[in-house]
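**Q** Any chance you can model this:
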Amino acid sequence: MSGLMVLIVLILIVLIYIFSTYNSFVTLKNRISEAASDIEVQLKRRYDLIPNLIESVKGYAAHERGTLEAVVAARKTAMDNTGNISQKSEAEGALSGALKSLFALSENYPNLKANENFLELQRELSDTENKIQAARRFYNTNVLANNTKLEQFPSNIIGNIFGFKTADFFKLDQSQEAAAKEPVKVSF
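**A** Reported below is the predicted structural model:
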């Protein structure tokens, strides 16, 4: 009888482990979805601020049409991107680069730099960029936890049985990382 009890206890321990591991994968999957949603909210805020910022700059830098058009085009590309997280991060990197050029352009217009509306929009956009970075870090932290658990034994067995998949990190590609480290060049 005691051998049967030991077997039942072992089966219960294995079942508890399976249920616990499955539930932790579900939690991680939902956290990744929540984090991706947080990124989307902040990106929407960024997209909404950009047209106002461009309108502020237009009056001061009308002959800088190319820079303004590049920002508008990068915004449209980023907004229209419905691909996977890697494609989304690539489009967002291009938009960040275009915005960096726009802010560098403003350095050459003292009246624009003193414009209260422009300064407020710039502050809001800067705040939004910080929130986007925080949302990306939160997303990547959850992706790391999920991917690590899917690679570790024995949780990888449970993950594979139930079809859980690794997720992609939200990161800049190599060319964007190099460009992000370079100062913006403004020439007239």
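**Q** so who does the most centrally placed residue in the chain touch?
**A** Nearest to the geometric centre of the chain sits residue 136, at 4.0 Å (C-alpha atoms, centre = their mean). Contact analysis of residue 136 by C-beta atoms under 8 Å, 6 or more residues apart in numbering lists 39, 170. Every residue, glycine included, has its C-beta placed from N, CA and C.
**Q** could you say which helix or strand contains it?
**A** Using DSSP states H and E, the element containing residue 136 is helix 116-151.
**Q** Equivalent analysis for residue 83, please.
**A** For residue 83, there is no helix or strand it lies in under DSSP H and E.
**Q** got it, and the one 4 residues further on?
**A** According to DSSP H and E, residue 87 maps onto helix 85-106.
**Q** likewise residue 67?
**A** Here residue 67 is assigned to helix 65-80, by DSSP H and E.
**Q** how big is the angle separating that helix from helix 85-106?
**A** Here helix 65-80 runs at an angle of 160 degrees relative to helix 85-106 (axes from the mean of the first three to the mean of the last three C-alpha atoms, to 10 degrees).
**Q** Other residues contacting helix 65-80?
**A** Under the criterion C-beta under 8 Å, 6+ apart, residues 43, 47, 50-51, 54, 57-58, 61, 88, 91-92, 94-95, 97-99, 101-102, 105 lie in contact with helix 65-80.
**Q** With just CA atoms, put it into CSV.
**A** Output in CSV follows, covering the C-alpha atoms of helix 65-80 (Å, rounded to 0.1, in the frame of the first residue of the first chain):
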residue,chain,number,x,y,z
ARG,A,65,10.9,70.8,-47.2
GLY,A,66,13.0,67.6,-47.6
THR,A,67,13.4,67.1,-43.9
LEU,A,68,9.8,67.7,-43.2
GLU,A,69,8.7,65.3,-45.9
ALA,A,70,11.1,62.7,-44.6
VAL,A,71,9.5,62.9,-41.2
VAL,A,72,6.0,62.6,-42.7
ALA,A,73,7.0,59.7,-44.8
ALA,A,74,8.7,57.9,-41.9
ARG,A,75,5.6,58.5,-39.8
LYS,A,76,3.3,57.0,-42.4
THR,A,77,5.5,54.0,-42.9
ALA,A,78,5.6,53.4,-39.2
MET,A,79,1.9,53.8,-38.8
ASP,A,80,1.1,51.5,-41.7
